[in-house]
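S.K.: need a 3D model of the sequence below.
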Amino acid sequence: MRPTPGSDREQPDLLLLAAQLHRSRLRRRRRRSRTSRLLAGVVAAALAAIGFGVVFVEAGGANALIASDCSLRAMRPIRLGENSFVYAVNGARLGAVASNTHRQALALREMSPWLPKATIAIEDRRFYQHGGIDYLGIARAAYADLSAGRIVEGGSTLEQELARNLYLGNDTRTLSWKLEQACLAIKIAQRWSRAKILDAYLNQVSYGAHAFGVAAAARTYYSKPASRLTLPEAAMIAGLPQAPSAYDPFSHPAVARARRNEVLAAMYRDGQISRRVWRRALRQPLGLRMGTLYVAVDHPGFVGYVELQLLRRFGTRTVRAGGLAVTTTLQIRLQRDAKIAARSVLLHHGDPAAAIVAIDPSTGAVDAMTSYQPGVGDRAFNLAAEAHRQAGSAFKPFVLATALEQGYSLGSSFAGPPQFVVSDPVCNTGSQPWIVNNYANESFGSIPLSTAIANSVNTVFAQLVSQVGPANVVALAHRVGISSPLQAVCSITLGSQAVTPLEMTDAYATFADNGIHHPVEAVEMVRAPNGHLLARPHTAGTRAVSANVADTVTQALRGVVQGGTGTAAAIPGLDVVGKTGTSEHEEDAWFCGYIPGRLATCVWVGYPAGEIPMHNIDGVPSVVGGTLAAEIWHNFVAAATSARP
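M.R.: Predicted coordinates for the structure are as follows:
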């Protein structure tokens, strides 16, 4: 063993302490008789090993004395934890939850048999003979260090390393710490089987690069399961714990290969491999293949959203190191369809981005959640769940629903002039009356609400919000699924306040399920490492609006698609319901809609960097909700429903 200075095992701990222990014993013999007897035993064992070479003190002597002063049962094990993984609803792995330590527990039978053999050969060749403290190994290491004039070999056993990793940590190596480590190592050797000790060691020790245990090491350095490691690969991994940074194969491949060859030589010396196998293994390259299991994430925006939900529910420790298996609601097919739909419309680098969310209205399950911008890779920032932008006229259905609750009908008639001055003081902007214009200054004459919603007539909805009260609109919007703070101002009818695509989809899903609101669910189930079920979704909803109001809103929004501003979203053979939305100066464009009872979807189009007008995009002079957003919605829903019963 040739650890580098500063490594965890750079000295035979008990022997280097022997001299000072002996001096301490002489000075304090009368005052601390019990402690002196303990230290004397350690010194005697160490000196016997040095002085006589073959004088070997085992459990009947020094071990019995050392082990009399600690309790394994009284110690609380240090928990390294395990990685948590996130899966799509079909079982496809989406990625690991971000963590500073990577670990997956394995049974010995699930590891390559070369791993325990290589570990014993290089770390603790007398593993099956000693009783937790290898005094002969300590003497051998001390002799090697004295002969070299520097530290060249260590003498700690697997039990000692387990005592440190499982119970003591890397605190300051005081005298009492050393004695406790020795005591616990002996207790471990006495009470645990050799198989259990090996299993625990191979699952706990650090192999560098944030990998703890052989499963993480195999994935990190060779991108394969530990069961498939070859002899040279297992030897390389077995050599790392002595000094993981110094032997890091990615940073110091030559040093790592030399260390691997030391392990192979130790295995040959101990008869674990034949000369022919040894020489063939020595010629093999390291063959590294950097693993991505713990860092690569598919659909990072969605996985990040799921992680936030888990952290709020279970806490950081459980989520990052609890070994959770998290099955989400994500439908990989629909997620792919959403990305394809966005690509089919936003064609060129420099085009705006799109965010798409699809929800099952009967459960609140998120079937798809994605963001796309030409020339930009997958975003860690989730535009669908985190980007708050003005909804424009896509907010009008909430005003309509509020009016329906107060007794208005789709036949209620309003004047639709190109401009309207709202005299209600509640709607004043400062000290001035609120003046509202239609999008293109159109004049509609006297029209029913059904026509006003189909053609998104601003002047009608300005009158309507002043009559039903903006505070009532806020209350209804929150009931159906809008979670962002909303101000009770009249401009809410024009979608002047910022919301996310996710919450807009959630709200439209309420209308799609006849007025029942289901909380958004991105997690299907969560299981602990032992398979115990920790969480299932709560699919039972609550009534947000009456079935009559929801059905009437649905009827009105059919007109938007059949002959109003959203005709680009129409899909032959499907009952398409929806609403367009455009913010001021064409900075945000929306189409939100649903197939009643089947699928609710919102599409937002805009520039993530800020509120930038969208003009002359892919042949569209001014981007509004009925153009690019409606086209993306159409392409996605057509594909999604073709594969969905």
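
S.K.: would you indicate which residues of stretch 180-194 are buried?
M.R.: E180, Q181, A182, C183, L184, A185, I186, K187, I188, A189, W192 (16 or more other CB atoms under 10 Å). (Each C-beta comes from the backbone N, C-alpha and C, glycine too.)

S.K.: closest to A226 out of those?
M.R.: For these, the residue nearest A226 by CB to CB is W192; the value is 21.3 Å.

S.K.: what sits against the closest residue to that closest one other than its chain neighbours?
M.R.: Leaving out its chain neighbours, the residue that sits closest to W192 by CB to CB, 6 or more residues apart in numbering is A200, at 7.6 Å. Contacts for A200 (CB atoms under 8 Å, 6 or more residues apart in numbering) come out as L162, L166, W192.

S.K.: would you format the buried residues of stretch 180-194 as TSV with distance to A544, pLDDT and secondary structure included?
M.R.: Listed next are these as TSV, based on distance: CB to CB, whole Å; pLDDT from 0 to 100; DSSP: H, G, I helix; E, B strand; the rest coil:
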residue	distance to A544	pLDDT	secondary structure
E180	61	85	helix
Q181	62	85	helix
A182	66	87	helix
C183	64	88	helix
L184	60	89	helix
A185	63	91	helix
I186	66	91	helix
K187	61	91	helix
I188	59	91	helix
A189	64	92	helix
W192	58	93	coil
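
S.K.: wouldn't T292 be in contact with T220 here?
M.R.: No. Applying CB atoms under 8 Å as the test, T292 and T220 come out as separate, 9.5 Å apart.

S.K.: out of the two, which sits in the busier spot?
M.R.: Between T292 and T220, T220 has the larger neighbour count (other CB atoms under 10 Å), namely 25 against 13.

S.K.: the more buried one: which element?
M.R.: In this assignment (DSSP states H and E), T220 forms part of helix 214-222.

S.K.: looking at whichever helix or strand comes after that helix now, give me its mean pLDDT.
M.R.: Once helix 214-222 ends, the next helix or strand along the chain (criterion: DSSP H and E) is helix 231-238. In this model, helix 231-238 has a mean pLDDT of 98.

S.K.: quick one: helix 231-238 to helix 214-222, angle?
M.R.: 110 degrees (axes from the mean of the first three to the mean of the last three CA atoms, to 10 degrees).

S.K.: can you name every helix or strand that helix 231-238 contacts?
M.R.: Where contact means 3 or more CB pairs under 8 Å, 6 or more residues apart in numbering; DSSP states H and E, helix 231-238 is packed against helix 114-123, helix 214-222, helix 253-269, helix 275-282.

S.K.: in the third one, what counts as buried?
M.R.: To tie it back to what came earlier, the one meant is helix 253-269. Those would be A256, R257, R259, R260, N261, E262, V263, L264, A265, A266, M267, Y268, for helix 253-269 by 16+ other CB under 10 Å.

S.K.: which of the residues you listed sits closest to Q242?
M.R.: Nearest member of the buried residues of helix 253-269 to Q242, counting by CB to CB, is R259, at 7.7 Å.

S.K.: nearest to S206, out of the helices and strands packed on helix 231-238?
M.R.: Across those, closest to S206 is helix 214-222 (CB to CB), at 9.1 Å.

S.K.: neighbouring contacts of that closest one?
M.R.: Contacts of helix 214-222 (CB under 8 Å, 6+ apart): 83, 102-106, 110-111, 115, 202-203, 207, 209-211, 224-226, 228-229, 233, 236-237, 240, 249-250, 287-291, 293-294.

S.K.: let's go with 7 Å and repeat that
M.R.: 102-104, 106, 111, 115, 202, 207, 209, 211, 224-226, 229, 233, 237, 249, 288-289, 291, 293 (CB atoms under 7 Å, 6 or more residues apart in numbering).

S.K.: for that helix, output the C-alpha coordinates as PDB.
M.R.: Written as PDB, here are the backbone C-alpha positions of helix 214-222 (Å, rounded to 0.1, in the frame of the first residue of the first chain):
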ATOM      1  CA  VAL A 214     -19.000   0.300  -5.900                       C
ATOM      2  CA  ALA A 215     -22.300   0.700  -7.700                       C
ATOM      3  CA  ALA A 216     -21.700   4.500  -8.000                       C
ATOM      4  CA  ALA A 217     -18.000   3.900  -8.800                       C
ATOM      5  CA  ALA A 218     -18.800   1.500 -11.700                       C
ATOM      6  CA  ARG A 219     -21.400   3.900 -13.100                       C
ATOM      7  CA  THR A 220     -19.000   6.900 -12.700                       C
ATOM      8  CA  TYR A 221     -15.800   5.500 -14.200                       C
ATOM      9  CA  TYR A 222     -17.100   2.800 -16.600                       C
END
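
S.K.: follow-up on the earlier one: I'd like the distance between the residue nearest to W192 and A266.
M.R.: Distance of A200 to A266, computed by CB to CB, to the nearest Å: 22 Å.

S.K.: W590 should be in a helix, yeah?
M.R.: No. Checked against DSSP: H, G, I helix; E, B strand; the rest coil, W590 lies outside a helix; its state is strand.

S.K.: what about N530, which SS state?
M.R.: coil.

S.K.: OK, contacts around it?
M.R.: By CB under 7 Å, 6+ apart, N530 lies in contact with nothing.

S.K.: ok, now how distant is it from K196?
M.R.: 18 Å.

S.K.: with A243 instead?
M.R.: Distance from A243 to K196, counting by CB to CB: 26 Å.

S.K.: show me which of the two is the more surrounded one.
M.R.: Set A243 next to K196 and count neighbours by other CB under 10 Å: A243 wins out with 22 against 13.

S.K.: what number of residues lie near I340?
M.R.: For I340, using other CB under 10 Å, the count is 14.

S.K.: tell me what whichever helix or strand it is part of is packed against?
M.R.: Under the criterion of DSSP H and E, I340 resides in helix 332-345. Packing partners of helix 332-345 (3 or more CB pairs under 7 Å, 6 or more residues apart in numbering; DSSP states H and E): strand 353-359, strand 366-372, helix 630-642.

S.K.: most packed of those?
M.R.: Neighbour counts (mean count of other CB atoms under 10 Å) averaged over each of those peak at strand 353-359, with a mean of 29.

S.K.: name the residues that touch that one?
M.R.: Outside strand 353-359, the residues within contact range by CB under 7 Å, 6+ apart are 334, 338, 342, 346, 365-373, 383-384, 387, 501-502, 505-506, 509, 520, 599-608, 632, 636, 640.

S.K.: one more time with 6 Å, if that's ok
M.R.: The contact list for strand 353-359 (CB atoms under 6 Å, 6 or more residues apart in numbering) reads 334, 338, 342, 346, 366-373, 383-384, 501-502, 505, 509, 599-605, 608, 632.
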